[in-house]
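K.L.:
sharing a model prediction with you, sequence too.
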Amino acid sequence: MEVTERNLVEHMLTAAEILDLAAAMELKVHDLLRANSPVYKERKDELKAMGEAELAAVMSTEPTLIKRPIVKTEQGYVVGLDEEKINELIGARQA
């Protein structure tokens, strides 16, 4: 299985990539927020009040706001540390 790794601090996602990711997963951009990020804790109310495009723009400049890891396979995506779902996707791809 081919694995591509991207350090989101060194190679940040663009706002368009964040919007595309949310759409591909049938989620709202708000669902990609990492609640234990110090930036989130400081700006929680402000971030919750933002629209999707505005939030994606902020997340593109503050990569610690994005849940990690982001795993993409032909079978789908997993965002965040959900080992069971990650193993299911990896196992599905290897089968």
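P.N.:
Nice, thanks for sending it over.

K.L.:
what's the weakest-modelled helix or strand in the chain?
P.N.:
In the chain, the helix or strand scored least confidently by mean pLDDT, DSSP states H and E is helix 83-94, which has a mean of 65.

K.L.:
so where's this protein uncertain?
P.N.:
Residue ranges of the chain with pLDDT under 70: 1-3, 82, 86-87, 89-95.

K.L.:
which residues in this structure form helices?
P.N.:
Under the criterion DSSP state H, the chain contains helices at 15-24, 38-49, 52-61, 83-94.

K.L.:
list the buried residues of the third one.
P.N.:
If you call a residue buried by 16 or more other CB atoms under 10 Å, then helix 52-61 has these buried ones: 55, 56, 57, 58, 59, 60. To be clear about C-beta, it is placed using only N, CA and C from the backbone, and glycine gets the same treatment.

K.L.:
and it, what does it pack against?
P.N.:
In terms of contacts (3 or more CB pairs under 8 Å, 6 or more residues apart in numbering; DSSP states H and E), helix 52-61 is packed against helix 15-24.

K.L.:
tell me what the helix it packs on is packed against?
P.N.:
In terms of contacts (3+ CB pairs under 8 Å, 6+ apart), helix 15-24 is packed against helix 52-61, strand 76-79.
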